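Undergrad: quick one: sequence plus predicted model below, questions after.
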Amino acid sequence: MGKSKIQKSRRSEPAGKNGAILRGLVQGLVAIIIVALGALGARQLIKMRKPPVRKDPNTLAPLVEVTSLAKRDMQMVVRGYGTVSPKVKVEIIPEVSGKVVSIHPELKAGGFIRAGEQILQIDPRDYQLAVQQANAAVAEAQVRLDTEKAEAQVAQKEWQELHPGKEPDSPLVLRLPQIRRAEAALESAKAQLAIAKLKLERTSLSLPFDALIISERVDLGQYVVVGQSLGVAYGIESVEIEVPLEDNELAWLDVFGSPVQFNGNKPPVKRTTAQVKADFAGSEHIWEGRVVRTTGQVDKTSRMVTIVVEVTKPFDSTGGRPPLLPGVFVEVLIKGRTVKDIIAVPRDAVREGNKFWEYCDGRLRVRTLKIVRADKEFAYVTSGLDDGARIIVSSLDAVVNDMEVRTEDDKVSGDKQDNSAPAESGAR
């Protein structure tokens, strides 16, 4: 029985192998059919497809900002900086000695004293007595002169009686030298009286101009001496600003011509005007000034020439404007000569010192022009640019001469054209 099972098992092995081979053949055949069908479908799709529509790439030119320029007559304005200083500054110094018996209540830092008002009074009694003494000396000298003249008349009369028709041999006979000596004594006494009166007047100190007190060093009852500084004051009628300028800026000002003369020469009526600007008391304020002179020399270190600008009535508070105090740092705009047919190019449009990018019919043209003057806002050109020229003021990373560019106007017109074009239809 065992042998029959073994034989049966051996007979079934070939049958199982044949079934596996048959299944493999069927699966391979199915795969081949699927691949053939896929290839056939792909081939059919390839035949049915339409060739792609060729479209050139649309490369946009760089977008730039352009401004138009125009020729015009322009007055050059030279900009400078300086510090305000008083035009008149004095020290209050007594010319006589004595004890201070009265002081003006405004004699203190920041105080205001009108012209002619008494600043302080030195005890005048000693000087009043000196005037009385000088008056007495004048009276005594006058008496001596009158006496000598009377004696001279008596001597002349006696001489005529003793020597009729003859002139004396010596002037001493008629007492002429004695008369001259008496006259000289009288003149000396009058001069002493004038000195005594002058010293009496000087016991009262005052200034011939409206003054603002900067500092004071005197108290009531203090004994002061001649030459002692009692304080500092400056006039409020005008202030001055010294403005150093480079020599090339002077070409646009009439500093050495008729409007302004060197120190020592009589200035003409017409002068160069200027505006003085200062950030003071929380806002910017402007004062009108004028160029009055130069300092007459070139600074050895900076090689600059300093001009002086005067501002009158700096303490005028019309319109709520604060006073222009000494010590304030200001900006000065000096109105210079007027240049005809000049073009002001924004400084943002200047490239590499003297190059400009001009916009011409959608193209960028690099131009080299001669700049006659430049400030912090504009570069000024007198030739090489036409009236109405369009200059590119925006920046570009890479620039090639005659490259294509576009402006905002070109962009807007292009967008309108795209919107108005009909849409392309789909696959047919």
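TA: The structure has been received and is ready for your questions.
Undergrad: list the contacts for E240?
TA: By Cβ atoms under 8 Å, 6 or more residues apart in numbering, the residues touching E240 are 84-87, 292, 308-311. Backbone N, C-alpha and C define where each C-beta goes, glycine included.
Undergrad: try it again at 10 Å.
TA: By Cβ atoms under 10 Å, 6 or more residues apart in numbering, E240 lies in contact with 82-88, 289, 292-293, 308-311, 314, 326.
Undergrad: distance of it from T295?
TA: 11 Å (Cβ to Cβ, to the nearest Å).
Undergrad: which neighbours do the two share?
TA: Common neighbours of E240 and T295 (Cβ under 10 Å, 6+ apart) are V308.
Undergrad: for this protein, which element, helix or strand, carries the lowest mean pLDDT?
TA: Using mean pLDDT, DSSP states H and E, the weakest-scoring helix or strand in the chain turns out to be helix 408-420, at a mean of 55.
Undergrad: for the protein, what's the longest strand?
TA: strand 329-346 (DSSP state E).
Undergrad: paired strands for that strand, with orientation please.
TA: Paired with strand 329-346 in the same sheet, following DSSP bridges, are strand 72-86 (antiparallel), strand 273-280 (antiparallel), strand 378-381 (antiparallel).
Undergrad: how long is stretch 203-211 end to end?
TA: End-to-end span of stretch 203-211 (Cα to Cα, to the nearest Å): 19 Å.
Undergrad: tell me the secondary structure for L186?
TA: Of the three states, L186 takes helix under DSSP: H, G, I helix; E, B strand; the rest coil.
Undergrad: pretty sure it sits against T147.
TA: No - look at L186 against T147 with Cβ atoms under 10 Å: they stay out of range, at 11.7 Å.
Undergrad: what about those two, which has more around it?
TA: The residue with more neighbours, out of L186 and T147, is L186; 20 against 13, by other Cβ atoms under 10 Å.
Undergrad: the more buried one - nearest residue in space that isn't next to it in sequence?
TA: A141 (3.9 Å; Cβ to Cβ, 6 or more residues apart in numbering).
Undergrad: just the pLDDT for R428.
TA: On the pLDDT scale, R428 is placed at 30.
Undergrad: all further residue positions should be reported with the first residue as 24.
TA: Shifting the count to begin at 24 puts that one at R451.
Undergrad: picking up where we left off before, just name the most buried of the strands paired with strand 352-369.
TA: Counting by mean count of other Cβ atoms under 10 Å, strand 401-404 has the highest mean neighbour count of these, with a mean of 20.
Undergrad: one step back: show the subsequent helix or strand relative to the longest strand of the chain.
TA: Note on strand 352-369: by DSSP states H and E, the next helix or strand toward the C-terminus is strand 378-383.
Undergrad: can you give me how far that next one is from the chain middle?
TA: Here strand 378-383 shows a centroid-to-chain-centroid distance of 32 Å under the convention Cα atoms, centre = their mean, to the nearest Å.
Undergrad: mind checking how far S261 is from F352?
TA: Distance, S261 to F352, by Cβ to Cβ: 18 Å.
Undergrad: what about the two, which has more around it?
TA: Taking other Cβ under 10 Å, S261 and F352 do not tie; S261 has more neighbours (16 against 12).
Undergrad: which residues does the more buried one contact?
TA: Applying Cβ under 10 Å, 6+ apart, we find S261 in contact with 109-111, 312, 315, 333-337, 347.
Undergrad: most neighbours among those, which one?
TA: G312 (27 neighbours).
Undergrad: tell me the buried residues in the host helix or strand of it?
TA: G312 is located in strand 306-321, with elements delineated by DSSP H and E. For strand 306-321, the neighbour count (16 or more other Cβ atoms under 10 Å) marks 308, 310, 312-317 as buried.
Undergrad: equivalent analysis for stretch 47-60, please.
TA: The neighbour-count check on stretch 47-60 (16+ other Cβ under 10 Å) flags nothing as buried.
Undergrad: same question for stretch 143-150.
TA: By neighbour count on 16+ other Cβ under 10 Å, the buried set for stretch 143-150 is 143-147, 150.
Undergrad: closest to E400 out of the residues you listed?
TA: L143 (53.1 Å; Cβ to Cβ).
Undergrad: and that closest one, how far is that from W380?
TA: Counting by Cβ to Cβ, the gap from L143 to W380 is 71 Å.
Undergrad: now T106
TA: Where W380 is concerned, T106 sits at a distance of 41 Å (Cβ to Cβ).
Undergrad: could you report the neighbour count for the residue nearest to W380 when sequence neighbours are not counted?
TA: Once flanking residues are discounted, W380 sits nearest to I415: 4.0 Å by Cβ to Cβ, 6+ apart. Counted with other Cβ under 10 Å, residues neighbouring I415 total 23.
Undergrad: surely I415 touches R429?
TA: No - in this structure, I415 is not within contact of R429 by Cβ under 10 Å, at 11.1 Å.
Undergrad: just for this protein, where's the confidence low?
TA: For the chain, the stretches with pLDDT under 70 are 24-40, 42, 73-82, 196-197, 278-293, 433-451.
Undergrad: and the helices in it?
TA: Assigned by DSSP state H, the helices in the chain fall at 25-71, 148-185, 199-224, 431-443.
Undergrad: wait, which of the ones you listed is closest to D277?
TA: Short answer: helix 431-443, nearest of the helices of the chain by Cβ to Cβ, at 43.6 Å.
Undergrad: just put the helices of the chain in JSON lines and tack on distance to V389.
TA: Converted to JSON lines, these look like this (distance: least, Cβ to Cβ, whole Å):
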{"stretch": "helix 25-71", "distance to V389": "53"}
{"stretch": "helix 148-185", "distance to V389": "85"}
{"stretch": "helix 199-224", "distance to V389": "79"}
{"stretch": "helix 431-443", "distance to V389": "20"}
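Undergrad: which non-adjacent residue is nearest the residue nearest to the spatial centre of the chain?
TA: Among the residues of the chain, the one closest to the centroid is E354, at 2.0 Å (Cα atoms, centre = their mean). Closest residue to E354 apart from its sequence neighbours, by Cβ to Cβ, 6+ apart: K300 at 4.5 Å.
Undergrad: now Y382
TA: That would be R413: by Cβ to Cβ, 6+ apart, it lies 4.3 Å from Y382.
Undergrad: repeat for R198
TA: Excluding its sequence neighbours, the residue lying closest to R198 (Cβ to Cβ, 6+ apart) is A175, at 4.2 Å.
Undergrad: alright, calling it a day.
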